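J.: Sharing a sequence plus its predicted fold:
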2 protein chains.
Amino acid sequence: MSIDTIGVPDLEARSGPTTGRASARDRLLDAADELFYAEGIHTVGIDRIIERAGVAKASLYNCYGSKDELVRAYLLRRHDRRQARIQAAIARYDTPREQLLAVFDALDELLADPKFRGCAFVNAAAEGPAPDAVREVGEISRSWVHGALLSLAIQAGASDPGVLADQLVLLYDGALIGAKMDGNAATARTARAVAATLIDAIV
Amino acid sequence: MSIDTIGVPDLEARSGPTTGRASARDRLLDAADELFYAEGIHTVGIDRIIERAGVAKASLYNCYGSKDELVRAYLLRRHDRRQARIQAAIARYDTPREQLLAVFDALDELLADPKFRGCAFVNAAAEGPAPDAVREVGEISRSWVHGALLSLAIQAGASDPGVLADQLVLLYDGALIGAKMDGNAATARTARAVAATLIDAIV
DNA sequence: ACAGTACCAGACAGATCTGTCTAGTGTTCT
DNA sequence: AGAACACTAGACAGATCTGTCTGGTACTGT
């Protein structure tokens, strides 16, 4: 007890802006992110999360109100990361063609991560009749991806950009599933190759 | 009670070969199939299954030993149906090219079914760290699909049939996911169109 | 100094889960 | 008639789940 109490000021001096440790809210989100993604939302109970976060149960319900809302926060964070990853990949290139293919390069990196366990939105939706939070955030993320690919397809001068975007989303999904189910990280490169064929054919 | 008892001989006269009602084992598998697929394995408890099957709990454990083994039977049945569906689609055509595309026609029919809730194997795997039964049957089914496509790709004279088979599996997976997540049954036709492009390009 | 805030520790309620066990019913085969 | 069999009904154990509530600690701003 006293050791913990003494430790806090040390951390405070070293790192954060105001508080030393991350806030209970942030630690909860970190723990939820790791556990939900690795083991599934249904499988992971509140108790495991608060234990890993080093947080009292009351704090969880103070910060998030319910498990469902914690799930929403978890998925929103996953979406933020996906968005950032794809935008960063796109930013590395200048032409729409290269930018479209860069999306699959980013996917390739993702699949190579040993912590990869599939798409968080697909996994969450597959666990059963999805609560509102799961459907809503899933829809947000999927339509964002579709929109990003559509926008690039238009810039690439595709004759039918809507069709191309649908095809590329299909490849994106297929690579994610294949990598998860078969443990085969090469699916992103397969998808990239098909994408290149489609882009070059349709433009 | 007596009404049920009287009803049995009637059913016996009408239908089944030896017994009137289907056996407890079969009724359990029917109930498990519907409930697990519609709502998820984790979500559906034993009690719901035995209630729908009209079967005593002891009978479930007599027939299957555990919930996990019932899950295995459920997935094996799903695999059998998938196999039958694809084989039937292939049997309708003569040329390998048409047969490959027929796989996606069969998929199209599947997605149009209002009961469609995604791929049972993907869903089961997404619920969390998968028990042996889930991993084993999932692997059986996925490698069977891959093998079927590979065999057709060889017959079609593809220069690199392994690559083509990988690409087609990717499209198959992508269509399944897209249809589930976006409620868009058109993904099978999108996948079919891409498949046609790939087949015609590579052969 | 003191109120307010953020947090921790853990008991508790009420529901639900898998799996076991007892006891009894009805049919079939010999 | 009687043994074997498949099955039903439901209590029960033991674990686990979400969410609430009490009581206490430590730091912050005034």
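T.: Cool, the structure landed.

J.: Around A:Asn62, count how many other residues there are.
T.: 12 (other C-beta atoms under 10 Å in any protein chain shown). C-beta here means a position set from N, CA and C on the backbone, and glycine is covered the same way.

J.: Report the residue ranges of every domain in chain A.
T.: Annotated domains of chain A cover A:1-65, A:68-203 [automatic domain parsing].

J.: Of those domains, flag the one that's most buried.
T.: domain A:68-203 (a mean of 19; mean count of other C-beta atoms under 10 Å in any protein chain shown).

J.: Does the residue most central in space within chain A lie in a helix or a strand, and which?
T.: In chain A, the centroid-proximal residue (C-alpha atoms, centre = their mean) is A:Arg78; its distance is 3.1 Å. Per DSSP states H and E: A:Arg78 is located in helix A:67-91.

J.: again, but for A:Glu139
T.: helix A:132-155.

J.: where does chain A come near chain B, residue by residue?
T.: Contacts of chain A with chain B, taken as C-beta under 8 Å from any C-beta of the partner chain, map to A:39-40, A:42-43, A:118, A:121-123, A:125-129, A:138, A:142, A:163, A:166-167, A:169-178, A:180-182, A:187, A:190-191, A:193-194, A:197-198, A:201.

J.: Inside helices: which ones of those residues?
T.: Among the residues of chain A next to chain B, the residues falling in helices (DSSP state H) are A:39, A:121-123, A:125-126, A:138, A:142, A:163, A:166-167, A:169-178, A:180-182, A:187, A:190-191, A:193-194, A:197-198, A:201.

J.: Distance check, the residue in chain A positioned nearest to DNA strand D against chain B.
T.: Closest contact between chain A and DNA strand D, by C-beta to the nearest atom of the strand, is at A:Gly45 (3.1 Å). Distance, A:Gly45 to chain B, using C-beta to the nearest C-beta, to the nearest Å: 12 Å.

J.: What score does that residue have for pLDDT?
T.: Note on A:Gly45: pLDDT of 97.

J.: what residues are up against A:Ala38?
T.: Contact analysis of A:Ala38 by C-beta atoms under 8 Å, 6 or more residues apart in numbering or on different chains lists A:115, A:117.

J.: My guess is A:Tyr172 contacts A:Val145. True?
T.: Yes. Counting by C-beta atoms under 8 Å, A:Tyr172 does reach A:Val145; the two are 6.8 Å apart.

J.: circling back: quick check, the helix holding A:Glu139 touching DNA strand D?
T.: No. Judged by C-beta under 7 Å from any atom of the strand, helix A:132-155 makes no contact with DNA strand D; its nearest approach is 11.5 Å.

J.: quick check: mean pLDDT across that helix?
T.: For helix A:132-155, mean pLDDT is 97.

J.: that older thread, which of the domains of chain A comes out lowest on mean pLDDT?
T.: domain A:1-65 (a mean of 77).

J.: Check the secondary structure at A:Glu98 for me.
T.: helix (DSSP: H, G, I helix; E, B strand; the rest coil).

J.: that older thread, what values do phi and psi take at the residue of chain A closest to DNA strand D?
T.: phi -90, psi 160 (degrees, to the nearest 10).

J.: what does A:Ala186 give?
T.: Residue torsions, per degrees, to the nearest 10, at A:Ala186 are phi -80, psi -10.

J.: Same question for A:Ala56.
T.: The phi/psi pair for A:Ala56 (degrees, to the nearest 10) is phi -80, psi 150.

J.: measure it to A:Ile50 for me?
T.: Note on A:Ala56: its distance to A:Ile50, by C-beta to C-beta, to the nearest Å, is 7 Å.

J.: returning to what we had before: ignoring the adjacent residues along the chain, who's closest to the residue nearest to the centre of chain A?
T.: In space, A:Arg78 comes closest to A:Ala120 once its chain neighbours are excluded; the distance is 4.3 Å by C-beta to C-beta, 6 or more residues apart in numbering or on different chains.

J.: you'd agree that neighbour is up against A:Val71?
T.: No. Contact criterion C-beta under 8 Å: A:Ala120 and A:Val71 do not qualify, at 10.2 Å.

J.: Give me the common contacts of the two.
T.: Counting by C-beta under 8 Å, 6+ apart, the residues touching both A:Ala120 and A:Val71 are A:Phe36.

J.: Please enumerate residues in contact with the helix holding A:Glu139?
T.: A:41, A:68-69, A:71-72, A:75-76, A:78-79, A:82-83, A:86, A:90, A:96, A:99-100, A:103, A:121, A:124-125, A:130, A:161-162, A:164-166, A:168-169, A:172, B:181-182.
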